[in-house]
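Peer 1: Test case, fold it:
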Amino acid sequence: MLARAERIEDAAIAIAPVSGPSEPHPGRYKSSFKVTSTARGGRRKDRATATVTNAAYYARWVEYGTERVPAHHVMLRAARAGGGT
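Peer 2: Numbers count the residues shown, from 1 in each chain. The predicted structure is shown next:
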(Lines give C-alpha, C1' and ligand atoms only; values in the text may rest on other atoms or scores of the structure.)
Protein backbone atom coordinates (compact mmCIF):
# COMPACT_ATOMS: atom_id res chain seq x y z
CA MET A 1 0.00 0.00 0.00
CA LEU A 2 2.80 2.39 0.86
CA ALA A 3 4.57 1.86 -2.47
CA ARG A 4 1.34 2.55 -4.37
CA ALA A 5 0.69 5.70 -2.34
CA GLU A 6 4.23 6.91 -3.04
CA ARG A 7 3.68 6.37 -6.79
CA ILE A 8 0.49 8.41 -6.56
CA GLU A 9 2.32 11.14 -4.65
CA ASP A 10 5.05 11.26 -7.33
CA ALA A 11 2.43 11.51 -10.08
CA ALA A 12 0.59 14.30 -8.19
CA ILE A 13 3.78 16.29 -7.73
CA ALA A 14 4.59 15.91 -11.42
CA ILE A 15 1.23 17.31 -12.58
CA ALA A 16 0.56 19.82 -9.78
CA PRO A 17 0.01 23.37 -11.06
CA VAL A 18 2.39 26.06 -9.83
CA SER A 19 1.26 29.67 -9.57
CA GLY A 20 3.33 32.51 -10.90
CA PRO A 21 6.14 34.26 -8.99
CA SER A 22 3.85 37.21 -8.18
CA GLU A 23 1.62 34.95 -6.07
CA PRO A 24 2.14 35.00 -2.29
CA HIS A 25 3.03 31.29 -2.09
CA PRO A 26 4.23 30.01 -5.47
CA GLY A 27 4.87 26.27 -5.34
CA ARG A 28 3.22 25.73 -1.94
CA TYR A 29 0.62 23.29 -3.31
CA LYS A 30 3.24 21.28 -5.19
CA SER A 31 5.46 20.97 -2.09
CA SER A 32 2.61 20.10 0.32
CA PHE A 33 1.91 16.48 -0.63
CA LYS A 34 2.39 13.89 2.11
CA VAL A 35 2.02 10.10 2.39
CA THR A 36 0.96 8.45 5.62
CA SER A 37 0.41 4.76 6.33
CA THR A 38 -0.78 2.49 9.09
CA ALA A 39 -1.21 -1.21 9.64
CA ARG A 40 -4.36 -0.60 11.68
CA GLY A 41 -6.73 0.88 9.11
CA GLY A 42 -10.13 -0.03 7.85
CA ARG A 43 -13.38 -0.25 9.78
CA ARG A 44 -12.20 -3.16 11.93
CA LYS A 45 -8.65 -1.78 12.26
CA ASP A 46 -7.28 -4.94 10.64
CA ARG A 47 -5.96 -3.62 7.32
CA ALA A 48 -2.97 -1.76 6.01
CA THR A 49 -3.79 1.65 4.59
CA ALA A 50 -1.85 4.46 2.97
CA THR A 51 -3.14 7.95 2.29
CA VAL A 52 -1.91 10.77 0.07
CA THR A 53 -2.88 14.24 1.27
CA ASN A 54 -2.05 17.85 0.52
CA ALA A 55 -1.65 20.29 3.42
CA ALA A 56 -2.04 23.51 1.42
CA TYR A 57 -5.11 25.33 2.71
CA TYR A 58 -6.42 25.79 -0.83
CA ALA A 59 -5.89 22.18 -1.99
CA ARG A 60 -9.62 21.47 -2.30
CA TRP A 61 -10.05 24.46 -4.61
CA VAL A 62 -7.23 23.22 -6.84
CA GLU A 63 -8.84 19.78 -6.95
CA TYR A 64 -12.50 20.75 -7.39
CA GLY A 65 -12.28 24.32 -8.73
CA THR A 66 -14.40 27.37 -7.91
CA GLU A 67 -16.71 29.63 -9.85
CA ARG A 68 -13.69 31.44 -11.28
CA VAL A 69 -11.01 28.74 -11.28
CA PRO A 70 -11.38 25.49 -13.23
CA ALA A 71 -10.91 22.18 -11.43
CA HIS A 72 -7.50 20.56 -11.94
CA HIS A 73 -8.35 17.13 -10.43
CA VAL A 74 -4.70 16.56 -9.51
CA MET A 75 -5.34 13.79 -6.98
CA LEU A 76 -7.86 12.04 -9.24
CA ARG A 77 -5.49 12.07 -12.23
CA ALA A 78 -2.55 11.00 -10.05
CA ALA A 79 -4.51 8.09 -8.62
CA ARG A 80 -5.40 6.95 -12.12
CA ALA A 81 -1.84 7.33 -13.38
CA GLY A 82 0.16 6.07 -10.41
CA GLY A 83 -2.22 3.67 -8.77
CA GLY A 84 -1.73 0.75 -11.12
CA THR A 85 0.26 -2.33 -10.25
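Peer 1: Does the closest residue to L76 other than its chain neighbours belong to a helix, a strand or coil?
Peer 2: Ranked by C-beta to C-beta, 6 or more residues apart in numbering and with sequence neighbours excluded, the top spatial neighbour of L76 is E63, at 7.4 Å. Quick note: C-beta positions are derived from backbone N, CA and C, even for glycine. Per DSSP: H, G, I helix; E, B strand; the rest coil, the secondary structure class of E63 is helix.
Peer 1: how about E63, what does it touch?
Peer 2: E63 makes contact with 71-76 under the criterion C-beta atoms under 8 Å, 6 or more residues apart in numbering.
Peer 1: filter those to the buried ones?
Peer 2: Burial of these was assessed by neighbour count (16 or more other C-beta atoms under 10 Å); the buried members are 72, 74-75.
Peer 1: Count residues in the vicinity of Y64, would you?
Peer 2: The burial metric for Y64, expressed as a neighbour count using other C-beta atoms under 10 Å, is 14.
Peer 1: I'd assumed V74 was in contact with it.
Peer 2: No: using C-beta atoms under 8 Å as the test, Y64 is too far from V74 to be in contact (10.3 Å).
Peer 1: For the closest residue to H73 other than its chain neighbours, give its distance to Y57.
Peer 2: Across the structure, with C-beta to C-beta, 6+ apart as the measure, the residue nearest H73 apart from its sequence neighbours is E63 (6.2 Å). Applying C-beta to C-beta, to the nearest Å, the value for E63 to Y57 is 13 Å.
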